[in-house]
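K.L.:
structure of the sequence below:
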Amino acid sequence: MPTILGVAISDPSDFAPLRERASTYLGREDVERLEAAFRFASEAHRGQFRASGEPYIIHPLSVAGILADLELDAATLEAALLHDVVEDTGVTLAQLESAFDPEVALLVDGVTKLGQIKYRSRVEEQAENLRKMFLAMAKDIRVILIKLADRLHNMRTLEYLPPEKRRDIAQETLDIFAPLAHRLGIYRIKWELEDLAFRFLEPDVYRDLARRIPKRRAEREGFAEQVMEALRPRLAEVGIKAELQGRAKHFYSIYQKMYHQGKDLNEIYDLVGVRVIIVDTVRDCYGALGVVHTLWRPIPGRFKDYIATPKPNMYQSLHTTVVGPQGEPFEIQIRTWEMHRTAEYGIAAHWKYKEGYTDPKLDQKLNWLREILEWQKDLRDPREFMESLKIDIFPDEVFVFTPKGDVIPLPRGATPIDFAYAIHTEIGHHCVGAKVNGHITPLSSALETGDIVEIITSKQSPGPSSDWLSIVKTASARAKIRQWFKRERREENLARGREILEREVRRLGGDPATWLEPSRLEEVARRLNLQGADELLVSVGYGGVGAAQVLGRLRQQEERLRPAGRGESDEEVLARLSEWGAPSNGVRVKGIDNVLVRFPRCCNPVPGEPIVGYVTQGRGVSVHRVDCPNIATRLAQEPERRIEVTWDKVESAYLPRKVVVTALDRPGLLSEVAQVVAENRINIVAAQVRPLRGQRSSIEMVLEVRNRQQLENVLRQVQRVRDVLAAEAAAPPRRF
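P.N.:
Take a look at the predicted model:
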């Protein structure tokens, strides 16, 4: 009986299907290595079971089977079989390295989660795991192929987990892993991930479609067969040998079409499409296109040539939509067999590790991975990292051209500044203008597919403007701008960071000299992994660290250090507060404007709204909107603490106000809303995006506004952003 690390291994009985599949393209020695990996994993996971009740070894076997269907190399399949042994068993990475090739151990390490580190939130854990995964991907892209197969099998067995966990995993799959499969061009996995996530996020809608679609598909299959019967002889007449296939649309893509276009299932005609796969050459692709357009009338604007201009994920095909024999529109896709393989398997079809094959363009196609590693270094806030990831890495794309004809893919809504930084960092830094299609265009304008962009530069340019941070759409451009400010304007950023924090501390009613003591700033810097108080102030100055994030920690310090207050009368409190001579933040208390005033987060009143004051113990006068239910409860219990307050005639203070934007979820939404706010010269103190049912999302922001009029004006403008359903000031919460 064989042993591994001195452990006796039983004869494998479940390995046969994987052996049979791998033997179709791997040599005998490779298959023997796979069997050794299976035996090792089987013993390591002995006694472990999945939530479904199956032995745990079924999971790594299934993951390896998915990758074998993609015909990946032996090392990848070995790592798939072993991918959970370090995380979930007593096996160490060193033991794995001694038993298998270092290449296999490196892949397993890349997939292993950071299970030993304790995180403050689910978002932080997710962000750090993704950071490590992308770092491992940059070293070896096979890491993400294993991770995608792992996620796919987990999604196939998701029904055995509790409902709340099912929803979290399904949402993460839809937000991160399905778009990642799309970016890598692995549509076979992308479609299944989307359909499975859809099933658990919208179970009622999914069941309804599952009931209705088969009947509609049966009707459409007859139409597709009619189209193919008309096309086959015409292709044969011109000497084009082709295989014609019907193409069924997936549930999630049907749902997306129904939701975004407001259509019923009966109004969707492309449940089944026609795909023409050309056996021989690219020339035959264009020849077949001519045949299609002589048979049926093409619809203007619906032809796409992804052969001449491939997608960044290497996808190539001709797409055309024509009016069919019954007056119904339908799409035909035309490609070679090699293009078809790439469309199904993406990067796995161009595998540089397989049999010594090297694609010289493969590394160029993966440049976006290196960009992730560049811009993620400056994003210390996990929420900002996740938002940037969704916007920048998985975008709705546009394809624009340099004057020389090179294609530059950018996320939808990207600007000439994004284009300049995509060409070269120095071109971005020295950009002073742009021509789009031969005409001078504002740097804030959105680019469209097909635009020819020329960047105007000047060596005398002082560098990027701070306004660009609210204009650019790509995280890589934003990171490069921040790096420039960090490097070139350290002293300016240091002063600006201190000024920002002093203003925020005063707004909270605190004393900047106390709150911003070097020892306190040093503590905050350590918790944010920054090197000292100056580095913290510089980061706030150039936008690398949000002021709200720092203020939250400073406020915790203040509350921890503040001595317990003693009971005082209103007169004593007011007399003492008046002696402080603290700023009034635009509010007068009984006609006196030097009383410490603070605005709690529950209602955040702004000038122009009716307000009421509440005398606190040791923290000045708390000002609320008169309709705030929290202050109503307090004053009902302690009516003697009510005090008259009024807005000062000089509205010089910026006050925070929470607003809620409800919109149809799509990439780039948050950046467009933020741009509208920035154009109104309003600072965003904090922002959070939450997914809602029905492909909607809620953006909650805290804005610094001068008065009610400014707030209402920006809400009206946000309301006009595409896909925004509502934009309104948040009502006060019901609990204090």
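K.L.:
now the element after the worst-scoring helix or strand of the chain on mean pLDDT, going C-ward?
P.N.:
For the chain, using mean pLDDT, DSSP states H and E, the weakest element among its helices and strands is strand 7-8, scoring a mean of 34. Toward the C-terminus, strand 7-8 is succeeded by helix 16-22 as the next helix or strand (DSSP states H and E).
K.L.:
for that next one, the averaged confidence score.
P.N.:
Per-residue pLDDT over helix 16-22 has a mean of 90.
K.L.:
likewise stretch 498-515?
P.N.:
Rounded mean pLDDT across stretch 498-515 is 82.
K.L.:
alpha carbons of that stretch, as CSV, please.
P.N.:
What follows is stretch 498-515, C-alpha atoms only, in CSV (Å, rounded to 0.1, in the frame of the first residue of the first chain):
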residue,chain,number,x,y,z
ARG,A,498,-4.4,69.3,8.6
GLU,A,499,-6.8,72.0,7.4
ILE,A,500,-9.4,69.3,6.4
LEU,A,501,-9.2,67.6,9.7
GLU,A,502,-9.3,70.8,11.7
ARG,A,503,-12.4,71.9,9.9
GLU,A,504,-14.0,68.5,10.5
VAL,A,505,-13.1,68.5,14.2
ARG,A,506,-14.7,71.9,14.6
ARG,A,507,-17.8,70.8,12.8
LEU,A,508,-18.1,68.0,15.4
GLY,A,509,-17.7,70.6,18.1
GLY,A,510,-14.2,69.5,19.2
ASP,A,511,-11.0,71.3,19.9
PRO,A,512,-8.5,70.7,17.0
ALA,A,513,-5.5,71.3,19.3
THR,A,514,-6.6,68.4,21.5
TRP,A,515,-8.0,66.0,18.9
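K.L.:
that stretch: which residues count as buried?
P.N.:
498, 500-502, 504-510, 515 (16 or more other C-beta atoms under 10 Å). Any C-beta I mention is one placed from the backbone N, CA and C, and that applies to glycine too.
K.L.:
from these, which is closest to residue 188?
P.N.:
residue 500 (49.3 Å; C-beta to C-beta).
K.L.:
which residues does that closest one contact?
P.N.:
The neighbourhood of residue 500, defined by C-beta atoms under 8 Å, 6 or more residues apart in numbering, consists of 540-541, 547.
K.L.:
need those in TSV (columns: secondary structure).
P.N.:
Compiled in TSV, the contacts of residue 500 are given as follows (DSSP: H, G, I helix; E, B strand; the rest coil):
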residue	secondary structure
540	helix
541	helix
547	helix
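K.L.:
who wins for most neighbours among those?
P.N.:
residue 541 (26 neighbours; other C-beta atoms under 10 Å).
K.L.:
phi and psi next, for the nearest residue to that one once chain neighbours are set aside.
P.N.:
Leaving aside its sequence neighbours, residue 541 sits nearest to residue 493 (C-beta to C-beta, 6 or more residues apart in numbering; 3.1 Å). For residue 493, the backbone dihedrals (degrees, to the nearest 10) come out as phi -70, psi -30.
K.L.:
isn't residue 493 right up against residue 543?
P.N.:
No: with contact defined as C-beta atoms under 8 Å, residue 493 and residue 543 do not form a contacting pair (9.0 Å).
K.L.:
find the residues that touch each one of these two.
P.N.:
Joint contacts of residue 493 and residue 543 (C-beta under 8 Å, 6+ apart) are residue 485.
K.L.:
neighbour count winner among those two?
P.N.:
residue 493 (24 against 21).
K.L.:
quick one: residues contacting that one.
P.N.:
Contacts of residue 493 (C-beta under 8 Å, 6+ apart): 485-486, 537-539, 541-542.
K.L.:
give me that answer again for 10 Å
P.N.:
466, 482, 485-487, 534, 537-544 (C-beta atoms under 10 Å, 6 or more residues apart in numbering).
K.L.:
ditto for residue 407
P.N.:
Residue 407 touches 308-312, 399-401, counting by C-beta under 10 Å, 6+ apart.
K.L.:
who wins for most neighbours among these?
P.N.:
residue 400 (22 neighbours).
K.L.:
what's the helix or strand harbouring that one in contact with?
P.N.:
Per DSSP H and E: residue 400 is located in strand 397-401. By C-beta under 10 Å, 6+ apart, the surrounding residues in contact with strand 397-401 are 183, 306, 309-313, 406-414, 416, 418-419, 422, 436-437, 446-454, 667.
K.L.:
please spell out the ChimeraX selection for the buried subset of the residues you listed.
P.N.:
Buried members of the contacts of strand 397-401, defined by 16+ other C-beta under 10 Å, are picked up in ChimeraX with:
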select :183,306,310,311,312,313,408,409,410,411,412,413,414,416,418,419,422,436,446,447,451,453,454,667
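K.L.:
among the contacts of strand 397-401, which are in helices?
P.N.:
Among the contacts of strand 397-401, the members falling in helices are 183, 416, 418-419, 422 (criterion: DSSP state H).
K.L.:
shaky segments in the stretch 551-700 of the chain?
P.N.:
Residue ranges of the stretch 551-700 of the chain with pLDDT under 70: 559-586, 590-595, 601, 604, 608, 617-619, 648-655, 694.
K.L.:
the stretch 251-400 of the chain too?
P.N.:
259-275, 279, 312-313, 346-397.
K.L.:
residue 174 and residue 623: what is the separation?
P.N.:
43 Å (C-beta to C-beta, to the nearest Å).
K.L.:
swap that for residue 295, please
P.N.:
Applying C-beta to C-beta, the value for residue 295 to residue 623 is 73 Å.
K.L.:
all helices of the stretch 51-200 of the chain, in order?
P.N.:
58-69, 74-82, 85-88, 93-99, 102-111, 122-139, 142-156, 163-172, 178-183, 187-201 (DSSP state H, counting those that start in this stretch).
K.L.:
and stretch 422-431, end to end?
P.N.:
The first and last residues of stretch 422-431 sit 12 Å apart, counting by C-alpha to C-alpha, to the nearest Å.
K.L.:
ok, stretch 169-183 next?
P.N.:
Stretch 169-183 has an end-to-end distance of 20 Å (criterion: C-alpha to C-alpha).
K.L.:
for it, the distance to its chain's centre please.
P.N.:
Its chain's C-alpha centre and that of stretch 169-183 lie 9 Å apart, by C-alpha atoms, centre = their mean, to the nearest Å.
K.L.:
could I get the average pLDDT for that stretch?
P.N.:
Taken as a whole, stretch 169-183 has an average pLDDT of 83.
K.L.:
before I go, just wanted to say thanks for your time.
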